[in-house]
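1. mind looking at a prediction? Sequence and model below.
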Amino acid sequence: MIFENGELIVPRLLDWVRARPDIRAVLRTGSRARGTADEWSDHDIELYSTDPESYRDADWLSGLGPVLAGVGLDGPWDNPARLVVFHGGQKIDFQIVPVDRLDVLAEELDELHERGYEILLDLDGSAARLPAASGSAPRGELPDEQEFREHCEEFWFELAHIPRSLARGELWVAKARDWETKELLLTMVEWHALSHFGPDHDTWHNGVRMREWAAPGVWERMDALFSGFAPDDTLRAATATGALFADLARDVARRNGFTYPEAASRAFSPG
């Protein structure tokens, strides 16, 4: 099986690529390109093709090996993308990119490639013209006061539904609302860290490495935010989520000269 062993991924993949004349370069990004991967890291592979649209369907994957599961997406440049788990458990996220995108990157790296990239194949020398990656993260952006206020109100609006859903016995609905509040809380955790450490502080994405980048004392409160399925436990976790959000939001407001919408928090009534 082509991806039975993670160590065989790159050479076997490149053998497959060399039989496809439309693919002129292969780059790898992500933790494996940066040298920070662990045994669970996937491979983020960019195939630079003269005919990327021919990869819209999944037929081409059969040449790489048995696929257990895959998802087709549109990539960041309206290009085909495939996220694939192969037999043996190896995961590869493919971006099939127009080859002329390399000309754009040669002028200036985007945020993804600035973090780090690795050239695996460069048949025409186009990838060799890319600037060296600095390894730096994109600068973080704090909200203006209107965005901050709207974000706070949305959080308390979502949290206010949880006691009502629990009272109706709608436990699944309560959990769905709970996750909405967690996503809104994550943004506030990021803003809070940027308010403490400045715009060059790396908050990554989707909570990745939060233990490392969150401001002191935040990670230690995360355990209380999650619960089982029982109504009492769900309400306990929702209350803890609200308390953390309020503490962080008040601090963000204070550090940035905003007014925290105290009235919004009264929408949540756990009792």
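-> Sure, I can see it.
2. Ser49: neighbour count?
-> Look at Ser49: counted by other C-beta atoms under 10 Å, it has 22 neighbours. Any C-beta I mention is one placed from the backbone N, CA and C, and that applies to glycine too.
3. next, the contact list for it, please.
-> 22-24, 55, 96-99 (C-beta atoms under 8 Å, 6 or more residues apart in numbering).
4. would you mind giving these as JSON lines with pLDDT added?
-> Compiled in JSON lines, the contacts of Ser49 are given as follows (pLDDT from 0 to 100):
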{"residue": "Asp22", "pLDDT": "97"}
{"residue": "Ile23", "pLDDT": "98"}
{"residue": "Arg24", "pLDDT": "98"}
{"residue": "Tyr55", "pLDDT": "95"}
{"residue": "Ile96", "pLDDT": "97"}
{"residue": "Val97", "pLDDT": "97"}
{"residue": "Pro98", "pLDDT": "97"}
{"residue": "Val99", "pLDDT": "97"}
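5. distance from stretch 214-233 to the middle of the chain?
-> Distance of stretch 214-233 from its chain centroid, counting by C-alpha atoms, centre = their mean, to the nearest Å, is 21 Å.
6. got it, and stretch 200-218?
-> Centroid separation for stretch 200-218 versus its chain: 13 Å, with C-alpha atoms, centre = their mean.
7. next, the buried residues of that stretch.
-> Residues of stretch 200-218 classed as buried by neighbour count (16 or more other C-beta atoms under 10 Å): 201-203, 207, 210, 213-215, 218.
8. that one: end-to-end distance?
-> Using C-alpha to C-alpha, to the nearest Å, the end-to-end distance of stretch 200-218 comes to 19 Å.
9. where do the strands sit along the chain?
-> For the chain, the strands defined by DSSP state E cover 23-29, 43-49, 67-74, 80-86, 91-98, 118-122.
10. which of the ones you listed sits most buried?
-> Neighbour counts (mean count of other C-beta atoms under 10 Å) averaged over each of these peak at strand 43-49, with a mean of 24.
11. distance from the chain centre to it, please.
-> On the basis of C-alpha atoms, centre = their mean, strand 43-49 is displaced by 18 Å from the centre of the chain it belongs to.
12. angle of that strand against strand 80-86?
-> Interaxial angle, strand 43-49 versus strand 80-86 (axes from the mean of the first three to the mean of the last three C-alpha atoms, to 10 degrees): 140 degrees.
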